[in-house]
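> Any chance you could fold what I've pasted below:
(2 chains)
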Amino acid sequence: MQGYDLVSGGFFVWILEYRELIHILTISNLRIKYQSSVLGFAWSLLNPLLLMLVLYFVYSHLFVTQTKNFAIFLLIGIITFRVWSNGTSSALSSIVEQSSLVTKIYIPRQIIVFSVALSGLISSLLEFVVLFAFTLCFGIIPTASIVLFPIILALYFLVVYGMGLPLAALYVYYRDLNQIWGVIVQLAFFLCPVMYSLTIIPAQYLPYYMLNPITIVMVSFRDIFLYGTFPDLSSILILCVLTLCILIIGALIFYRLERRFAEEL
Amino acid sequence: MTNPRTNRKIIISRSGETDIAIDVSHLTKQFLIPRERKRSIFEHVTGLLKGGSYRYELFSALNDVSFTVKKGEAFGVIGPNGSGKSTLLKVLAGVLYADTGTVEINGLVSPFLELGVGFTPDLTAKENVYLYGAIMGIPTKEIDQRYEDIFTFAELKRFENMKLRHFSSGMILRLAFSTAVQTDPEVMLVDEGLAVGDASFNKKSWEKIDELQKKGTTILLVSHDLGVISRLCSKCLLLQKGKVVMTGNTAEVIEMYKKIIERGEAVENMKRKKMNIITLTEK
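Take a look at the predicted model:
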């Protein structure tokens, strides 16, 4: 049954069919997010900067680090990580929070998750703009490798969306999933090279360590923004494969659980 | 195009090849009602440790329901509480999935299960109209064109840039209704409680529905209000405990419905009397 969707290409047809709804839902999400607090938009930029300052202080004064341009190094890690952590957390609660779109009317339910993930992506784009300004201030001139940035970010977005789908669906049935997910996000923060470089990972574990899509994206972004080199092609290919797997598994779980949404909400 | 996951088939055909708007056949929907409702992983784990088993009760909300509605007809669905009216409407709207049976709808469906789905208090009235319109499936261009009409009909032009949070519930309903009728639906699914706003607006909205019906919109109306049903609907369906009791002309079906209610009340009274006798004898 689900194979029908996958094979016939119906898997993504809804994006075209409902593009206006996706557009309006995404814009509305952003409006609500940035209207509700006075500083609104400024907070979403201050947050990663403040975290960067804290970590920078801790690492450059308490521990000794050899990493060059450590502030930028940290900022790339933090912003990249936030795309995933904020994206999955808001996708997780999306269906439950907008339950009337499930119980009172029929729209393809993945649209709700998709538009929330998309508004997260747009917020993070602004963070990347700030990051870019910072790199320029530090005298790092971007190279041609920057053309890969949108492609990798698009793949990363699909990772976030692919993980958001099953999370949103499971949260409908298990209302304490957000607590558990909060812990997992904390754990992931240390499992990803946000504050350390790959050199501290023992060589025999490195291939396994690099199977984490967040890590691949983070390392690639550092290559692009900090070192001005092209990311490793093989790891980009691995990222493509991982993205596809996450997306398919996530969508299958979502479509399975979706049937009884209206009864559970 | 049959959606294999919903058993709900929607044929959008503006040319009238068929004169049937809604064709429901052998629709069955059962709910699993757990004895103990578990809503968290924590409860599931502790439940396992206690050695409790998962027990469900089957509740049959719809049982082999079949009927057809002709194009342009106003069709009423009545029945006592818990007879499956709302479940039927939700299956038709595609919100709930049927277990077996099929639903075939010819034309553009516009579900009015609730007015103002997706309304967001922190957005302005204008933004909400576009949002709600998109949810109801109206293209943005069309809302641009009808924007003035919507606000004129709702009598809210002065407040278009005000946040919905500052609107009264009556104003919100008026705005919602005005937007929703812009869908130009071919098939309208209406739940009861469409009594909107104050008396004058209420009258206006029923006039609008009459007007839509005269234009050839098929209306399926679920209601407790027999007055509204008999005024608007030519055909009716009577549901009881998920089963079709009868379909036919409104007057006959309402007659039957009244009989059922009387009989139900009679049974209730009998039970009550028996109970009284028992309690008396116990004393």
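
> Which pLDDT does the model give A:Phe149?
We have a pLDDT of 94 for A:Phe149.

> how many other residues sit next to it?
17 (other Cβ atoms under 10 Å in any protein chain shown). (Glycine included, C-beta is placed from N, CA and C.)

> so who does it touch?
By Cβ atoms under 8 Å, 6 or more residues apart in numbering or on different chains, the contact list for A:Phe149 reads A:Phe128, A:Phe221, A:Ile224, A:Phe225.

> Are any of those buried, and if so which?
A:Phe128, A:Phe221, A:Ile224, A:Phe225 (16 or more other Cβ atoms under 10 Å in any protein chain shown).

> What strand or helix carries the first one?
Translated: A:Phe128. Per DSSP states H and E, A:Phe128 falls inside helix A:110-137.

> Can you name the next helix or strand after that helix?
helix A:148-173.

> need the residues of chain A near chain B, please.
Contact residues, chain A versus chain B (Cβ under 8 Å from any Cβ of the partner chain): A:1, A:4, A:20-21, A:23-25, A:28, A:31-32, A:35-36, A:98, A:100-107, A:173-177, A:180, A:255, A:259-260, A:262-263.

> Next, the one residue in chain A that gets nearest to chain B: phi, psi?
Nearest residue of chain A to chain B, counting by Cβ to the nearest Cβ: A:Tyr106, 3.4 Å away. Main-chain torsions, A:Tyr106, degrees, to the nearest 10: phi -100, psi 120.

> Tell me how far the closest residue to it other than its chain neighbours lies from A:Glu258.
Once flanking residues are discounted, A:Tyr106 sits nearest to B:Gly94: 3.4 Å by Cβ to Cβ, 6 or more residues apart in numbering or on different chains. Noted for B:Gly94: a distance of 12 Å to A:Glu258, by Cβ to Cβ, to the nearest Å.

> so what sits against both of the two?
In contact with both B:Gly94 and A:Glu258: no residue, using Cβ under 8 Å, 6+ apart.

> related to what we said a few turns ago, quick one: contacts for the residue of chain A closest to chain B?
B:Ala93, B:Gly94, B:Val95, B:Pro111.

> What of A:Glu258?
Residues in contact with A:Glu258 (Cβ under 8 Å, 6+ apart) are A:Arg109, A:Ala169.

> What about residue 108, how many residues nearby?
All of this is about chain A. A:Pro108: 15 neighbours (other Cβ under 10 Å).

> hmm, I had chain B in mind actually
17.

> Does it touch B:Asp184 like I think?
Yes - in this structure B:Leu108 lies within contact range of B:Asp184 using Cβ atoms under 8 Å: 7.5 Å.

> Point to the residue nearest the middle of chain B.
Nearest to the geometric centre of chain B sits B:Asp191, at 3.4 Å (Cα atoms, centre = their mean).

> Tell me where the stretch 1-150 of chain B has strands.
Using DSSP state E, counting those that start in this stretch, the strands of the stretch 1-150 of chain B run over B:2-3, B:8-11, B:20-34, B:56-70, B:74-78, B:100-106, B:109-112.

> can you pull out the helices in the chain?
Since no chain was named, I'll use chain A. Applying DSSP state H to chain A gives helices spanning A:2-7, A:13-17, A:19-35, A:41-57, A:70-97, A:100-103, A:110-137, A:148-173, A:177-191, A:206-209, A:213-222, A:233-258, A:261-264.

> oops, I was thinking of chain B
Using DSSP H, the helices assigned to chain B run over residues B:41-50, B:85-93, B:125-135, B:140-154, B:169-180, B:199-214, B:226-232, B:250-282.

> May I see those helices arranged in a markdown table, with mean neighbour count as well?
Below are the helices of chain B laid out as a markdown table (neighbours: other Cβ atoms under 10 Å in any protein chain shown):
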| stretch | mean neighbour count |
| --- | --- |
| helix B:41-50 | 12 |
| helix B:85-93 | 24 |
| helix B:125-135 | 23 |
| helix B:140-154 | 16 |
| helix B:169-180 | 22 |
| helix B:199-214 | 15 |
| helix B:226-232 | 16 |
| helix B:250-282 | 12 |
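
> so which of those comes closest to A:Ile201?
A:Ile201 lies closest, by Cβ to Cβ, to one member of the helices of chain B: helix B:41-50, at 31.9 Å.

> Name the residues that touch that closest one?
Contacts for helix B:41-50 (Cβ under 8 Å, 6+ apart): A:Tyr174, A:Asp176, A:Leu177, A:Ile180, B:Glu36, B:Lys38.

> one step back: so the residue nearest to the centre of chain B makes contact with B:Val95?
No - between B:Asp191 and B:Val95 there is no contact under Cβ under 8 Å: 11.4 Å.
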